[in-house]
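J.: only the shape, not the letters, is given here:
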């Protein structure tokens, strides 16, 4: 698979941290690492942001020691409405605090002072566990999500059959290389498939139609097979 075509879906994080300098530094660090980040400096503001962006937020970093209400209370309010992953962040490391917050519904716990790179590993581990750290394959204005087997063109989902999706993913992962029909048949249909290369031609024809202008990425190579060219499109 061509490395430059693979990327991680950008996850959206909410940081609730009362130390403004730390909140800004953390938000900047996470954005550099390809996360979308909002932050709040107290519990009530954090809850307001959570209510406003509930459907967008993939994970919350929640400090326990806040100036208005405790992070534990914020967590309890969040759990009334959502199962969004929450990592508790605190300077207190007592076992009792940890047990209490896990009982309230925390997914992970990290103590201050922490190393940003270690926190990032915690975030990735939790997101992966809940299925939010999803890889994407992108080329020529087309974006694929292998885990959900969904395809998007220009940001709009395109409904594909399982075999159409497999053919498109195979072509993109082998982009800029001519793929022979026979090779594709063996790879996607198996050695014992009874049909012939016209099966591939039929799927390609259906794909081009569904992909609209993005279907021009798939170029026919006369007498051989197909080539995915990774064209650039204006949004």
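T.: That came through, no problem. Computed from a prediction, not measured in an experiment: that's the story for all the values here.

J.: so what pLDDT did the residue sitting furthest away from the middle of the chain get?
T.: Largest separation from the mean C-alpha position in the chain: residue 223, at 38.6 Å (CA atoms, centre = their mean). On pLDDT, residue 223 comes in at 87.

J.: show the backbone phi and psi for it.
T.: Dihedral angles of residue 223 (phi, psi; degrees, to the nearest 10) stand at phi 80, psi 0.

J.: same thing with residue 215?
T.: Dihedral angles (degrees, to the nearest 10) for residue 215: phi -70, psi -20.

J.: what's the local residue count around it?
T.: 18 (other CB atoms under 10 Å). The C-beta positions use only the backbone N, C-alpha and C, and glycine is treated the same way.

J.: over to the one 3 residues further on?
T.: A count of neighbours around residue 218, defined by other CB under 10 Å, yields 21.

J.: then residue 163?
T.: Residues near residue 163, counting by other CB under 10 Å: 16.

J.: same check, this time on residue 132
T.: 18.

J.: what do you get for residue 40?
T.: With other CB under 10 Å as criterion, residue 40 counts 22.

J.: likewise for residue 33?
T.: So residue 33, with other CB under 10 Å, has 14 neighbours.

J.: ok, residue 206 next?
T.: 16.

J.: after the helix or strand of the chain at the bottom of the mean pLDDT ranking, which helix or strand is next?
T.: Using mean pLDDT, DSSP states H and E, the weakest-scoring helix or strand in the chain turns out to be strand 6-8, at a mean of 56. Per DSSP states H and E, strand 6-8 leads on to strand 12-16 as the next helix or strand towards the C-terminus.
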